[in-house]
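Peer 1: Pasting a predicted model and its sequence here:
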Amino acid sequence: MSEALYFPSGDHELFGWLHWPAVMSPAKVGLVICKPFGYEGLCVHRSVRTFAQNAAKHGVPSLRFDYQGCGDSADIDPDEDQITAWVEDILAAVTELRRRTGVEKVCLLGIRLGALLATLAAARSTRIEGLLLVAPVIRGKRYLRELRTARLASQLDSDPHGTIHRDTDLEATTPGSFEFSGYMMSAATIDTLSKIDLTKLPAPPVSHALVLDRNDLPIARSWYEALLAAGVTTQYLELTGFVQMALVAPQLAVVPDAMAGAIGSWLKRLTKNLEQQTGPAISPASPSIPDNATPELKLPANGSCDDSRREHPISFGSEAALFGILTQPSPTEVRRRGVILINAGADQHMGASRMYVSLARRWSGSGYFVLRMDLAGLGDSDTRADRPDDEVFPPAALDDIRDAIAHLRERYDIREVTLMGLCSGAYHALRAAAAGLAIERVLMVNPQNYFWSEDMTLDDLQLAEVVRNPGVYRDRMQSAIAWRRLLSGRVNVWRIFKIYVYRQALSSEALLRNVARALRIRLRNDLGVELEDIVGRGVQVTFIFAEREPGIDLLKILGGSSVRKLGDFCRVLIIKGADHTFSRIGSRSAMERVLTDELNLLRPYSTRVSPKGQVAYPDG
């Protein structure tokens, strides 16, 4: 059993999930999970959720939460020292877990930077019984170098032309701050972090510790030895699975069985050692919040926005238990307008770089109810029976979106609904519009697929590769490194051949589809005809692309003459200097402005369609 909640940390509120055991361990020990920073935090979500659930199975109530300025928690001042603030957040989480569950001792499970933060927090509390440190950051300077290297590598990888976007395109950043894969570190944070070396600090006053190091790049043995020397009962293991858990895209991330097993075994031994009574365990545990109380986050006043806006978790769904966060406008808002934000890939409902949180809070100030939802199997929604976790194109996604629309209309009297999504989220928004769901607008950002069948996988040759890669290969013909890879057999020549053949076939197919449309012949998977039908039903359509996105050419090929015919009623906008996930604050801010402008463009459409099948245009 799990419970979504908010709890205080200083003068701000944090969001978290409390996982209750069916039977509380007599040891009265709890677990607080401290996430890693930035993109790693997005990737490890499934593992963190699994760690918390497994701990509850051992009778240990577990709290996983978002630091200030992360996930669904309150925003943070951009000049704040995040290290100091997040250590305070961990201590607040410890206090909240003890208050709600009655546990006397708490263990901290930290991953990467979260492990460093957990260690700093443990040094300030007498309530911390043990530390579980997964691939811990030991030295701040080394960690910052790793972040900068990864940032440079991602820029080179995302831009086949080799253009490096310098920090001159950043907006609203203070001198000395830095952005890593879309996540900001303030100047104060970098200064604090660069001075931290755990091996040079006194060991925290804990009794037990477990250090799980990466087997591919072990760096924590010195910290393990320092804990042993300080008298802490410590176990050290080098295990596989970290890379697959934290350093791959969320849709590819895998819960590391070896680490999960080691954590479970350690907790089981610890609780057994801490048991102070031989009587029966405490049973059953139950949520501490009454059923009629709704946890909520009060959003601060901002510009023309008052401080009456609220944000709270919701559950809905007819087949699967779906989860989302609803951001509500002022209670005085009479225009019942709603926006549903759909997962991109296997990212959780806050989106890459937390962009969905930013959009939701911005749009609520303009009078919109904004639901950032998790499709079944993603984020914090349940997974349907017989379906895998973190499925990017789940076959029942339309049912989930239909349930979300119905929930907004019935529960909040929403009369105008917009669907918005990035990448696969854009695909799902388009499919919902094509299926005739009750919506007024679709905002699609960087879609790379317009059709998908259940027998397809992400490993299959994708149309996005077909339209993008020929140009990439031409550019690499001048690269000595590319030639060495080719001659050494590290390049899949057969896949390249298939891409070129398929690209020519696509061009021929585009011409055929244009002829078929002119003759009123409807072909299967005709995107152009689908767009005409969507607009004909009065739905406003907007595509927003980063420049050089393969989805642009794919839209031209598959949409063809219909996109030109629809003109301003199927808008295609391009943002320069952006990558696929808008990981730089300058391009992300531009995307938010464009999306906001498009959101406010809706005009009343006539529902009449002429006998010749012409699309309807706005009245007046």
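Peer 2: Okay, I see it. Numbers count the residues shown, from 1 in each chain.

Peer 1: how far is stretch 29-41 from where the chain is centred?
Peer 2: Relative to the centre of its chain, stretch 29-41 is centred 15 Å away, using CA atoms, centre = their mean, to the nearest Å.

Peer 1: Residue ranges in this protein under the pLDDT threshold?
Peer 2: 154-173, 276-293, 461-462, 465-466, 468-505, 507, 602-620 (pLDDT under 70).

Peer 1: Kindly report the domain assignment for it.
Peer 2: What automatic domain parsing lists as the domains of the chain is 2-138+198-274, 297-454+523-599.

Peer 1: Can I get those domains in TSV including distance to residue 178 and mean neighbour count?
Peer 2: For glycine as for every other residue, the C-beta is placed from the backbone atoms N, C-alpha and C. Formatted as TSV, those follow (distance: least, CB to CB, whole Å; neighbours: other CB atoms under 10 Å):
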stretch	distance to residue 178	mean neighbour count
domain 2-138+198-274	11	21
domain 297-454+523-599	11	20
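
Peer 1: which one of those lies closest to residue 460?
Peer 2: The closest of the domains of the chain to residue 460 is domain 297-454+523-599. By CB to CB, the value is 10.0 Å.

Peer 1: Show me how far that closest one is from its chain's centre.
Peer 2: Using CA atoms, centre = their mean, the offset of domain 297-454+523-599 from its chain centre is 14 Å.

Peer 1: Going along the chain, name the strands of the stretch 151-300 of the chain.
Peer 2: 178-180, 183-185, 208-214, 233-239, 297-298 (DSSP state E, counting those that start in this stretch).

Peer 1: Dump those strands to CSV, plus distance to residue 368.
Peer 2: Shown next, in CSV, are the strands of the stretch 151-300 of the chain (distance: least, CB to CB, whole Å):
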stretch, distance to residue 368
strand 178-180, 27
strand 183-185, 25
strand 208-214, 44
strand 233-239, 46
strand 297-298, 17
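
Peer 1: any chance of the domains of the chain in CSV, with distance to residue 180 too?
Peer 2: Formatted as CSV, the domains of the chain follow (distance: least, CB to CB, whole Å):
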stretch, distance to residue 180
domain 2-138+198-274, 6
domain 297-454+523-599, 9
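
Peer 1: which one of those lies closest to residue 151?
Peer 2: Of all the domains of the chain, domain 297-454+523-599 sits nearest to residue 151, with 9.0 Å by CB to CB.

Peer 1: what's the span of the closest one, first residue to last?
Peer 2: Using CA to CA, to the nearest Å, one end of domain 297-454+523-599 lies 25 Å from the other.

Peer 1: got it, and stretch 117-127?
Peer 2: First residue to last in stretch 117-127 (CA to CA) measures 16 Å.

Peer 1: Identify all contacting residues around it.
Peer 2: Stretch 117-127 has contacts (CB atoms under 8 Å, 6 or more residues apart in numbering) with 34, 83, 86-87, 90-91, 94, 98, 104-106, 108-110, 128, 131, 133, 136, 196, 198, 201-202, 204-206.

Peer 1: centre of the chain versus it, how much separation?
Peer 2: 28 Å.

Peer 1: Could you pull up phi and psi at residue 63?
Peer 2: As for residue 63, its main-chain torsions (degrees, to the nearest 10) stand at phi -120, psi 120.

Peer 1: Surely it and residue 17 touch.
Peer 2: Yes. Using CB atoms under 8 Å, residue 63 is in contact with residue 17, at 7.3 Å.

Peer 1: Now for those two: what residues contact both?
Peer 2: In contact with both residue 63 and residue 17: residue 52, using CB under 8 Å, 6+ apart.

Peer 1: how close does residue 340 get to residue 311?
Peer 2: 15 Å (CB to CB, to the nearest Å).

Peer 1: hmm, back to that, out of the strands of the stretch 151-300 of the chain, nearest to residue 578?
Peer 2: strand 178-180 (13.6 Å).

Peer 1: Mind giving me the packing neighbours of that closest one?
Peer 2: Applying 3 or more CB pairs under 8 Å, 6 or more residues apart in numbering; DSSP states H and E, one finds that strand 178-180 contacts helix 140-158, strand 183-185.

Peer 1: do you know which of these lies nearest residue 524?
Peer 2: So among the helices and strands packed on strand 178-180, helix 140-158 is nearest, using CB to CB, at 33.5 Å.

Peer 1: quick revisit: can you put the helices and strands packed on strand 178-180 in JSON lines and add mean neighbour count and distance to residue 598?
Peer 2: Shown next, in JSON lines, are those (neighbours: other CB atoms under 10 Å; distance: least, CB to CB, whole Å):
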{"stretch": "helix 140-158", "mean neighbour count": "15", "distance to residue 598": "25"}
{"stretch": "strand 183-185", "mean neighbour count": "21", "distance to residue 598": "26"}
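
Peer 1: need those in TSV with distance to residue 248, can you?
Peer 2: Rendered in TSV, the data for those read as follows (distance: least, CB to CB, whole Å):
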stretch	distance to residue 248
helix 140-158	13
strand 183-185	17
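
Peer 1: of all the ones you listed, which lies closest to residue 564?
Peer 2: Smallest distance to residue 564 across the helices and strands packed on strand 178-180 (CB to CB): 29.5 Å, for helix 140-158.

Peer 1: just how off-centre is the closest one within its chain?
Peer 2: Relative to its chain's centre, helix 140-158 lies at 20 Å (CA atoms, centre = their mean).

Peer 1: Assign the closest residue to residue 322 other than its chain neighbours to helix, strand or coil.
Peer 2: Leaving aside its sequence neighbours, residue 322 sits nearest to residue 381 (CB to CB, 6 or more residues apart in numbering; 4.6 Å). Assigned by DSSP: H, G, I helix; E, B strand; the rest coil, the conformation of residue 381 is coil.

Peer 1: wait, doesn't residue 381 sit right on residue 316?
Peer 2: No. Assessed by CB under 8 Å, residue 381 is found out of contact with residue 316, at 9.7 Å.

Peer 1: overlap in contacts of those two?
Peer 2: Contacts common to residue 381 and residue 316, judged by CB under 8 Å, 6+ apart, are residue 322.

Peer 1: Please tell me how far residue 362 sits from residue 417.
Peer 2: 18 Å.

Peer 1: what do you get for residue 544?
Peer 2: Per CB to CB, residue 544 is found 19 Å from residue 417.

Peer 1: Dihedrals phi and psi, residue 25?
Peer 2: phi -60, psi 140.

Peer 1: can you check the one 5 residues further on too?
Peer 2: When quoted as degrees, to the nearest 10, the phi and psi of residue 30 stand at phi -120, psi 170.

Peer 1: List the residues that contact the closest residue in space to it that isn't next to it in sequence.
Peer 2: Of all residues not flanking residue 30 in the chain, residue 103 sits nearest, at 3.8 Å (CB to CB, 6+ apart). By CB under 8 Å, 6+ apart, the residues touching residue 103 are 28-30, 61, 97.

Peer 1: Just those: which are in helices?
Peer 2: residue 97 (DSSP state H).

Peer 1: Tell me the one of the contacts of residue 103 nearest residue 76?
Peer 2: So of those, ranked by how close each gets to residue 76 (CB to CB), first place is residue 97, at 21.8 Å.

Peer 1: Hmm, residue 105 and that closest one touching each other?
Peer 2: No. At 10.5 Å, residue 97 does not count as touching residue 105 under the criterion of CB under 8 Å.

Peer 1: Which residues are in contact with each of those two?
Peer 2: residue 30.

Peer 1: ranges for the helices of the stretch 51-200 of the chain?
Peer 2: Secondary structure of the stretch 51-200 of the chain (DSSP state H, counting those that start in this stretch): helices located at 82-101, 113-122, 140-158, 187-194.

Peer 1: Could you tell me the angle between the second one and strand 208-214?
Peer 2: Okay, so that is helix 113-122. Angle, helix 113-122 to strand 208-214, by axes from the mean of the first three to the mean of the last three CA atoms, to 10 degrees: 160 degrees.
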